[in-house]
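Quick one, what's the 3D model for this:
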Amino acid sequence: MVWRMSSGNGTRRKVGKQQHLCSLVASDRETQAEIQSIFKKVRTYVKPSSGEWSLPDPNVALKHPAKQHKHLQELKLSLNTVKNQLSDKNIQVWHQHTNSTNRAGKVINAVRCAANAEICTQAWCKFYEILGTFNLLPEEDIQNGELNSVHLCEAPGAFITALNHYMKTSESTRYCDWSWAANTLNPYHEANGGSATIADDRLIANTLPWWFFGSDNTGNIMIQKHLLDLQTFVSNMRRVGLVTADGSFDCQENPDEQEALVASLHYCEVTAALLLLSSGGSFVLKMFTIYEHSSVCLLYLLNCCFHTVNVFKPATSKSGNSEVYIVCLNYLSKEAVRPLLSKLIRNYGPTMADREALFPTFLIPESFLKQHEEVCSYFHSLQVETIRENLQLFERVTAEQRQCLEHTRDLVAQEYLQRFQVSFLPRSRWVSRNTVSPACCSVSAGRPLGQKKQTGSFNERRELQTLNWRERFKRSCDGTWIQSHYSEESKTGCVLDGPLSSCLIDSWYIITGAALPAVRNSPFCDVGLLNHLNEALLNTDVDWTLVSPCDSCRPLSAASILSEAAFQTRSLRSKMKKQCLVFGSSSVWTPSENQVEDLTLRFCAEPSPPQRGCVLLHDGEPLYQQQLLGCVMFSLQTLNSGDALLLPVFSALTRVTAAIVLCLHACFGYVSYRCPLPSGVVGALLLCVGFCPKAAAQVLPVLTKVQSCMSQILGGEEDMGEADRQVLQFVPMEELLTGGLTEFLQNMNYEINHQKLHLLFQS
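Numbering: from 1, shown residues only. Below you'll find the predicted structure:
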């Protein structure tokens, strides 16, 4: 009888006679050799003793056209031919299948159980494996007791938390002082979206001061000014011993050209590393296939700048994909590379790899090209072998094969824990010690990650792209729901109970940045629904002031909303008549005798919806934000204790509008919303009751500064360097993501975006 590690909870259980034979087979030398080989997928470039691998003259850099290498292009064609066999496979079914055949597929759960790892993702496991495989942390830094690291394209932050775990649990590093800084596309910047932005902000939300987002607040590291500003951002570090770069784009719709699509990003990451690193430092770069001339030049450059360059495929990187990590050790000297580095910085940007070749082919030694081709052939063989095996098992996998696979997966997980000495780290020693705070919980648990969810096969997705947006939308999982009509009975809004006393108003500050071209992302909405809406708006000429209400929908009546306002006001037990300030047309809202029981109505003009050419800006249009802010300030200066406010909002996707809602939460005892509006105008109605003048007196000075800043920008009074900017934020994200505000805004924006899509679909 034999014992086997269960995949469920780590306890051991008995297996029967049939499994006994499988276990014996799985434990033989061949299987053990396979397990060991999984952790040794690495190739190291060996420099000739002649010293012929040296940096070319900077004067010849970026001056010659790229010339592809025949053998490498043959490898590319061969790989794509094999990958094309997957074009008819349903991507979700295929991923489920490859997850089950992935030999290292149980490592993540094993690490979670054994180590209490922070943000324990596949990226965490891959980087921890790199740390355990190479002498990545410079010996000089460890001996001096101080390590500084910079992490590029780092969201959600698993490399940072893996490094923290390694340093806190390893004997040689646990007493070393460690400082870090990171860059990524800002998940809170409304113009960032699509396949490049990671919205998972579990770490970012609680460590914002350590993240560099640049002067325009986007976090785009491919902007030259941001590169130089990042150098200033980390200038307090005595030396930088480690730089990592884990950037990529979602290339699932054009997988054959993944390498070319990310080439410019890799150039920027390498340039940043060469600029930031100190002598003796290490650099880790994620790449994919390395067949193109741009990759050949990049690998040659790294070999000229570092003592050792390794191409490594972690065991925890799915063996069927093209991902590899370039692990560069012992940076030779920044002085030696400075002339070329200066030229790279001058040409730095999102089209670096689209210009002339970094180096002409005739200046790259044959000895390097031969080694590079061998490296490419090795990883090509590994990937092709895995894809073919997965295709074979996809057709049919026997019970015995499945049992052997599962046992091998158990053994690999055990090997990982033992090989890299993964040990437990208490939560108190995590990077984000406030990970259990309301901010983290409300964001990470509550909002989707934003990337488009791939469905169907590659061929089916290609076919969908040939259809118009209406037909594509009908076939989507949201199509039926969006076409359903509203009924008055089904509408109930969330409630914010106030006045909010926890506002840290003294810590509020204004952030300005490049003017938003569109709102593609928001922590305050379902980003998938926003993607649908933006696609519809791109294909439809819309003027929201002219869009007719849907005749089949039954929105809430003005009378029912006013009745609720009166009821909430009466709950204050005040004998005084209360005022309700209504931003809207009196013809819609006025009941008999201009009064609802003890509630007296006063009317003002509501904010104008965004202009016709700004529909993709939603509530991000600066003029709309200024008008909305003006309405709120007027209300806070006009209302008396206990009064009510009815304020329509077009949406609340941006940080500015979210902060305005937070201010209302701080100044009123009760804030709710209703959607659609009785007037038929697109948007939602904020119902605010129980005004608190004392709270308003604290908020108004900040709003006055924000209004002044908006007026200066809209009036063209900013400096020339500040042109085309707008106010992006005035309440810290930590406060916007705390408590119930995020859930309130997500629900409200969900209703608003549903309403807009419904109207566009009906029109």
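
By mean pLDDT, point me to the weakest helix or strand of the protein.
Scoring the helices and strands of the chain by mean pLDDT, DSSP states H and E places strand 3-5 at the bottom, with a mean of 30.

Tell me where the stretch 401-550 of the chain has helices.
For the stretch 401-550 of the chain, the helices defined by DSSP state H, counting those that start in this stretch occupy 438-444, 458-464, 469-475, 479-483, 527-538.

and these, which one is worst for confidence?
Among the helices of the stretch 401-550 of the chain, helix 438-444 carries the lowest mean pLDDT, a mean of 40.

Give the other helices and strands that the helix or strand where residue 167 lies contacts.
Using DSSP states H and E, residue 167 maps to helix 158-169. Counting contacts by 3 or more Cβ pairs under 8 Å, 6 or more residues apart in numbering; DSSP states H and E, helix 158-169 is packed against helix 122-133, strand 146-152, strand 177-183. (C-beta placed from N, C-alpha, C; glycine too.)

Mean pLDDT and distance to residue 168 added to those, as TSV?
As requested, the helices and strands packed on helix 158-169 are arranged in TSV below (pLDDT from 0 to 100; distance: least, Cβ to Cβ, whole Å):
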stretch	mean pLDDT	distance to residue 168
helix 122-133	97	12
strand 146-152	98	12
strand 177-183	97	9
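
any chance of the ones you listed in TSV, with mean neighbour count too?
TSV is the format used below for those (neighbours: other Cβ atoms under 10 Å):
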stretch	mean neighbour count
helix 122-133	23
strand 146-152	24
strand 177-183	20
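
do you know which of these lies nearest residue 352?
Across the helices and strands packed on helix 158-169, the minimum distance to residue 352, taken as Cβ to Cβ, is reached by strand 146-152, at 14.9 Å.

and the closest one, what does it pack onto?
So strand 146-152, by 3+ Cβ pairs under 8 Å, 6+ apart, packs with helix 158-169, strand 177-183, strand 242-245, helix 263-276.

one step back: TSV for the helices of the stretch 401-550 of the chain, including mean neighbour count?
Shown next, in TSV, are these (neighbours: other Cβ under 10 Å):
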stretch	mean neighbour count
helix 438-444	20
helix 458-464	14
helix 469-475	15
helix 479-483	14
helix 527-538	19
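
Just put these in a markdown table and tack on distance to residue 146.
Listed next are these as a markdown table, based on distance: least, Cβ to Cβ, whole Å:
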| stretch | distance to residue 146 |
| --- | --- |
| helix 438-444 | 29 |
| helix 458-464 | 49 |
| helix 469-475 | 54 |
| helix 479-483 | 55 |
| helix 527-538 | 40 |
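
how about these, which one is nearest residue 551?
Residue 551 lies closest, by Cβ to Cβ, to one member of those: helix 479-483, at 14.2 Å.

thinking again about what came up before, pick the most deeply packed of the helices and strands packed on strand 146-152.
Ranked by mean neighbour count, the helices and strands packed on strand 146-152 are led by strand 242-245 with a mean of 27 (mean count of other Cβ atoms under 10 Å).

Show the average pLDDT along it.
The pLDDT scores in strand 242-245 average 98.

what do you get for stretch 611-626?
Averaged across stretch 611-626, the pLDDT comes to 90.

domain assignment for this protein?
Split into domains by automatic domain parsing, the chain comes to 50-429, 469-511+523-531+556-762.

ok, of these, where does mean pLDDT dip lowest?
If those are sorted by mean pLDDT, domain 469-511+523-531+556-762 sits at the bottom with a mean of 87.

For that domain, measure first residue to last.
This stretch, domain 469-511+523-531+556-762, spans 13 Å end to end (Cα to Cα, to the nearest Å).

That one: how far from the chain's middle?
Relative to its parent chain, domain 469-511+523-531+556-762 has a centroid offset of 26 Å by Cα atoms, centre = their mean, to the nearest Å.

before we move on, back to that, among the helices and strands packed on strand 146-152, which is nearest residue 83?
Nearest of the helices and strands packed on strand 146-152 to residue 83, taken as Cβ to Cβ: helix 263-276 at 18.9 Å.

And the closest one, what does it pack against?
strand 146-152, helix 224-233, strand 242-245, strand 282-287, helix 293-305, helix 334-346.

let's see it at 6 Å
strand 146-152, strand 242-245, helix 334-346 (3 or more Cβ pairs under 6 Å, 6 or more residues apart in numbering; DSSP states H and E).

Alpha carbons of that helix, as PDB, please.
Output in PDB follows, covering the C-alpha atoms of helix 263-276 (Å, rounded to 0.1, in the frame of the first residue of the first chain):
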ATOM      1  CA  ALA A 263       9.100  45.100 -28.800                       C
ATOM      2  CA  SER A 264       9.000  48.900 -28.100                       C
ATOM      3  CA  LEU A 265       7.900  48.200 -24.500                       C
ATOM      4  CA  HIS A 266      10.900  45.900 -24.000                       C
ATOM      5  CA  TYR A 267      13.200  48.600 -25.400                       C
ATOM      6  CA  CYS A 268      11.800  51.100 -23.000                       C
ATOM      7  CA  GLU A 269      12.100  48.700 -20.100                       C
ATOM      8  CA  VAL A 270      15.800  47.900 -20.900                       C
ATOM      9  CA  THR A 271      16.600  51.500 -21.300                       C
ATOM     10  CA  ALA A 272      15.100  52.300 -18.000                       C
ATOM     11  CA  ALA A 273      17.000  49.500 -16.300                       C
ATOM     12  CA  LEU A 274      20.300  50.600 -17.700                       C
ATOM     13  CA  LEU A 275      19.600  54.100 -16.500                       C
ATOM     14  CA  LEU A 276      18.500  53.200 -13.000                       C
END
